[in-house]
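Student: Need coordinates for the below:
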Amino acid sequence: MESLWTRLQQEYRLGTISKKDAILYKKWGKALKLLSDNPRYPGLHTHEISPLSERYGERVWQSYLQNRTSGALRMYWVYGPDQQSITIIGLEPHPEDKKHNGYAKVNLSNLPPFK
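Tutor: Residues are numbered from 1 along each chain as shown. A predicted model of the protein is given here:
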């Protein structure tokens, strides 16, 4: 996730970012700012994703980057590595969780499944 953020940031600053990536960069940046100020900010709609928490063995949270749009992006994160930190572990389109077991298809970075 860090390398993606760094790439987007560099391309944005250089003016070489694609329109699609620029939209992602701005939405993600806004969500990160809100998340760092208050993880429970109402517009983020933050909530735990139990199937992912069970699969990875620690509480996995989801916050909105977009809403009311096809394939709306979600940011997945965990608390840590220390008490004052949050680690972003995924950006994915909203899965169809009630159809086709959507959260089973979500892969998160740097978290091996809990065994």
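
Student: Determine the number of other residues adjacent to the closest residue to Y64 other than its chain neighbours.
Tutor: With CB to CB, 6 or more residues apart in numbering as the criterion, Y64 has its nearest non-adjacent residue at 4.7 Å, and that residue is H45. C-beta coordinates here come from the backbone N, C-alpha and C atoms, glycine included. Counted with other CB atoms under 10 Å, residues neighbouring H45 total 12.

Student: so how far is the first residue of stretch 79-95 from its last?
Tutor: With CA to CA, to the nearest Å as the measure, stretch 79-95 spans 22 Å from end to end.

Student: List the residues that contact L65.
Tutor: L24, K27, W28, A31, A72, L73, R74, M75, L91 (CB atoms under 8 Å, 6 or more residues apart in numbering).

Student: ok now do the third one, which residues does it touch?
Tutor: Read that as W28. By CB under 8 Å, 6+ apart, the contact list for W28 reads W5, L8, L65, M75, L91.

Student: How about the fourth one?
Tutor: Contact partners of A31, counting by CB under 8 Å, 6+ apart, are L44, S63, Y64, L65, M75.
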